[in-house]
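*Asks:* Need a 3D model of the following:
(2 chains)
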Amino acid sequence: MPRVVVDVMLKPEILDPQGQAVANALPRLGVSDVASVRIGRRIEIEFTGEPDLDRAREIADKLLANPVIEDYTVRLVEADETADARS
Amino acid sequence: MTARVGVVTFPGSLDDGDAARAVRIAGAEPVRLWHGDPALHGVDAVVLPGGFSYGDYLRCGAIARFAPVMETIVDAARGGLPVLGICNGFQILCEAHLLPGALTRNQHLHFRNRDQFLRIESAGTAWTNAFQPGQEVLIPVKNGEGCYVADPATLDQLEGEGRVVARYIGGNPNGSQRDIAAITNSAGNVVGIMPHPEHAVEELTGPSLDGLGFFTSVLKHLVGAPA
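*Replies:* Have a look, this model is predicted:
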């Protein structure tokens, strides 16, 4: 069954101190060509029946993301693209 | 008649006991409210205490906002019920859209735990009328996600309408925009504050008694005394 994937990212104007901390650690790995890192969250939703994108958008808007500080995208992926399938 | 002030316990609340004690020391009757019970049991005001409701999963306060008791509190707050959100309670009030903006990870990423000087900017709210405008108070701060953010228009509106209730002085502990430590809604009955006034109500345990003013303020407010 396809799943709905919701990606949540801090809005570009909101400082991401976690991303900065990761970026600052990269030189210790010998990586010097990364300009910036920003960290977000990926949520996979499996409906009991057919995936419902509109319902997923409502879930994202009301709970998964805080629209004051975060943007989100909602998309459908096939089962073999989900985190479970890759593990 | 003794005022009844509700203190909500969510799974993961930490400071509900201290908040209830502060209410009692201020001279009111604390009434413990449970997150799963929508009834407010006739309380005259509500405190949302600090802690890590629902383990801070997803975002601080994001899940607590949907607790049965919160649905009742949101409606009652819109009708004028005084509500004070402390730390995690402030985060819940923002998530519930009773207050604008959001609390994000401290800019330096460190949990900050120290006694903090604040300046009371607005003594016109239900929770700060016992203070003088400009009064400096010493209140413990302890948070990991206390960085207040909002878009510039919202910040300008808060400043313009006198809704910045308290600001950090002597150093900003978390990177909050414009050093904001506490804000209020336009009616002045809902206040969110990141530091912990309930930890500054007794000489034995607190750095000052300055926190008591928040709790005596609401009692003044409830008897209709002018701010």
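*Asks:* And the strands in chain A?
*Replies:* Counting by DSSP state E, chain A has strands at residues A:3-10, A:40-45, A:70-77.
*Asks:* Let's have those in CSV, adding distance to B:P49 and mean pLDDT.
*Replies:* The way it works is simple: take the backbone N, C-alpha and C, and place the C-beta from them, glycine included. Putting the strands of chain A into CSV (distance: least, Cβ to Cβ, whole Å; pLDDT from 0 to 100) gives the following:
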stretch, distance to B:P49, mean pLDDT
strand A:3-10, 27, 96
strand A:40-45, 27, 96
strand A:70-77, 26, 96
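*Asks:* Out of those strands, which gets nearest to B:G42?
*Replies:* Closest approach to B:G42 among the strands of chain A is made by strand A:70-77 (37.8 Å; Cβ to Cβ).
*Asks:* elements contacting that closest one?
*Replies:* Contacts defined by 3 or more Cβ pairs under 8 Å, 6 or more residues apart in numbering or on different chains; DSSP states H and E place strand A:70-77 against strand A:3-10, helix A:53-59.
*Asks:* Chain B is nearest to which of the ones you listed?
*Replies:* strand A:3-10 (7.9 Å; Cβ to the nearest Cβ).
*Asks:* In its sheet, which strands sit next to the closest one, and in what direction?
*Replies:* For strand A:3-10, the paired strands and their directions (DSSP bridges) read strand A:40-45 (antiparallel), strand A:70-77 (antiparallel).
*Asks:* could these be laid out in CSV, adding distance to B:Y168 and mean neighbour count?
*Replies:* What follows is the strands paired with strand A:3-10, written out as CSV (distance: least, Cβ to Cβ, whole Å; neighbours: other Cβ atoms under 10 Å in any protein chain shown):
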stretch, distance to B:Y168, mean neighbour count
strand A:40-45, 29, 15
strand A:70-77, 25, 16
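*Asks:* Give me whichever of the helices and strands packed on strand A:70-77 is most buried.
*Replies:* The highest average neighbour count among the helices and strands packed on strand A:70-77, using mean count of other Cβ atoms under 10 Å in any protein chain shown, belongs to strand A:3-10 at a mean of 20.
*Asks:* for the chain, which spans come out with low pLDDT?
*Replies:* Answering for chain A, as no chain was given. Scanning chain A for pLDDT under 70 picks out A:85-87.
*Asks:* wrong one, I was asking about chain B
*Replies:* Ranges of chain B meeting pLDDT under 70: B:225-227.
*Asks:* and the residue of it found nearest chain A, how many neighbours does it have?
*Replies:* At 4.6 Å from chain A, B:A102 is the closest residue in chain B, using Cβ to the nearest Cβ. Neighbours of B:A102 under the rule other Cβ atoms under 10 Å in any protein chain shown: 22.
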